[in-house]
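Undergrad: Whatever this is, show me its structure:
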Amino acid sequence: MSTNHIEGLSHLGGKTEYKDDYAPEVLEAFDNKHPGNDYWVAFNCPEFTSLCPITGQPDFATIHINYLPDIKMVESKALKLYLFSFRNHGAFHEDCVNIIMKDLIKLMDPRYIEVIGVFTPRGGISIYPYCNYGRPGTEYEQMAKTRLLNRNPQQGYKG
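TA: Below is the predicted model:
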């Protein structure tokens, strides 16, 4: 039996079950206690793995997720289980970061979010895909465009 005291969160306090493939259904959200404040939430997953959809070889990365919450926030253990569900999933690097971002937008509807993948080199090439989103019709939409246009992709992730 779970000792979880936050309604709607099922992963905290229970036995951890790891999914065999991509599992967006494990994502869970909770209410933001400070929806009137703009503030950053940053997650770093230095042990992200996925599979090349062509060769089946593993790809390794650090995934950085930065967002400005609104009403809902992602629960960290659920996020960990979700990111680990990519371990046996075949997707290109660029697909991985875009899928992660879109699933988190669907879950939380954040004001702003960006997802960066810092993939380790394979075949002598490293790839650092970046995607972001700002809520349409708000100042965050312009923020997303500005951050995207001013990003230096050759620098990878610098914070």
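Undergrad: what's the neighbour count on P53?
TA: As a burial measure, P53 scores 12 neighbours (other Cβ atoms under 10 Å). Yep, even glycine has a C-beta here, placed from its N, CA and C like the rest.
Undergrad: With G124 instead?
TA: Residues near G124, counting by other Cβ under 10 Å, number 5.
Undergrad: Can you classify R151 by secondary structure?
TA: Put simply, R151 is coil when judged by DSSP: H, G, I helix; E, B strand; the rest coil.
Undergrad: Now it: closest residue in space, sequence neighbours ignored.
TA: In this structure, R151 finds its nearest non-sequential neighbour in Y130, 6.0 Å apart by Cβ to Cβ, 6 or more residues apart in numbering.
Undergrad: Equivalent analysis for P153, please.
TA: Closest residue in space to P153, ignoring its immediate chain neighbours: Y128 at 6.1 Å, by Cβ to Cβ, 6+ apart.
Undergrad: okay but D70 is in contact with H34, surely?
TA: No. Using Cβ atoms under 8 Å, D70 is not in contact with H34; the gap is 10.5 Å.
Undergrad: now the strands for this structure?
TA: Counting by DSSP state E, the chain has strands at residues 29-31, 41-51, 58-68, 72-74, 112-119, 130-134.
Undergrad: Tell me which of the ones you listed sits most buried.
TA: Burial of those is given as mean neighbour count (mean count of other Cβ atoms under 10 Å); strand 112-119 ranks first at a mean of 23.
Undergrad: Parallel or antiparallel, list what pairs with that one.
TA: With DSSP bridges as the test, strand 112-119 is paired with strand 58-68 (antiparallel), strand 130-134 (antiparallel).
Undergrad: L81 is nearest to which of those strands?
TA: Proximity to L81 (Cβ to Cβ) singles out strand 58-68 among these, at 13.8 Å.
Undergrad: that older thread, okay if I get the strands paired with strand 112-119 as a markdown table plus mean pLDDT and distance to V97?
TA: What follows is the strands paired with strand 112-119, written out as a markdown table (pLDDT from 0 to 100; distance: least, Cβ to Cβ, whole Å):
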| stretch | mean pLDDT | distance to V97 |
| --- | --- | --- |
| strand 58-68 | 97 | 7 |
| strand 130-134 | 97 | 5 |
